[in-house]
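In: quick check, what structure comes out for this input:
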Amino acid sequence: MSVLLIAGSPSERSRSAVLLDAVQQRLQLQGAQVDRVQIRDLSPQALLLANVAHPSIAQAIAQVARATAVVVATPIYKAAYSGVLKLFLDLLPQTAFKGKTVLPVATGGSPHHMLALDYALRPVLQSLGAEHILPGVFAIDAQVVLLPQEGQQIDVELARRLEGVVDLLPFTGKRKPSLQPQYAPVQFADVRCSV
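Out: As a prediction, the model looks like this:
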């Protein structure tokens, strides 16, 4: 299985990148092949001019095409995902995520930005043809501490949430938890009371 991590922060050192580091460690422990695209390292001019022929952009698009699953990480600014991530996603073919499982991950200053995952990012991921979008993981800045000397610390509860959702990514040859409901469907005519 090939998992592509897309770092959507314009900053060299960011909390959303720390979350991607934790995801990468978990995936590598499970034997997944992990690749990474740092959008901030792509040609800024090529991004702004939508030059998909530029070598850095063409390589990043090829990495998306090869991936089985994609993890997209972004900081949330003003209730939306980062502008550099938007620029990159706009350059992808309309079916770039077709047949892929996508995990959105985000950080923000307060819990009020949590809905940006569902109302801003998820529709874009769906429009790119994602087969399955896992429940996103949102962390407030206080849960991801950037320490001096490149150090970092992730809240224990956040680390558990990340591990749980990363374990839902599809792995070839390994049995993963079923995402199917565990209860038989109830017909609407059988419903006697609703809340």
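
In: just the helices from the protein, written as ranges.
Out: Remark: helices assigned in the chain by DSSP state H are 15-29, 44-48, 55-66, 83-91, 116, 122-127, 156-166.

In: please identify the most buried of the ones you listed.
Out: helix 116 (a mean of 23; mean count of other Cβ atoms under 10 Å). C-beta here means a position set from N, CA and C on the backbone, and glycine is covered the same way.

In: ok now that one, how far from the chain's centre?
Out: Helix 116 sits 13 Å away from the centroid of its parent chain (Cα atoms, centre = their mean, to the nearest Å).

In: that one packs against which elements?
Out: Where contact means 3 or more Cβ pairs under 8 Å, 6 or more residues apart in numbering; DSSP states H and E, helix 116 is not packed against any helix or strand.

In: give me the contact list for it.
Out: Helix 116 has contacts (Cβ atoms under 8 Å, 6 or more residues apart in numbering) with Ile76, Ala79, Ala80, Tyr81, Ala106, Gly108.

In: quick one on the thing from earlier: so for Leu147, which of the helices of the chain sits nearest?
Out: In terms of Cβ to Cβ, the element of the helices of the chain nearest to Leu147 is helix 15-29, at 10.2 Å.

In: how about low-confidence regions in the protein?
Out: Scanning the chain for pLDDT under 70 picks out 171-186, 188, 191-195.

In: farthest-apart pair in the contacts of helix 116, please.
Out: Within those, Ala79 and Ala106 form the most distant pair, 11.1 Å apart (Cβ to Cβ).

In: overlap in contacts, those two.
Out: What both Ala79 and Ala106 touch, as defined by Cβ under 8 Å, 6+ apart, is the set His113, Ala116.

In: what about the two, which has more around it?
Out: When Ala79 and Ala106 are compared on other Cβ atoms under 10 Å, the one with more neighbours turns out to be Ala106, at 26 against 13.

In: contacts only, for Asp41.
Out: Asp41 neighbours (Cβ under 8 Å, 6+ apart): Ser56.

In: then Glu163?
Out: Arg26.

In: for Val72, see how far away it is.
Out: In this structure, Glu163 and Val72 are 18 Å apart, going by Cβ to Cβ, to the nearest Å.
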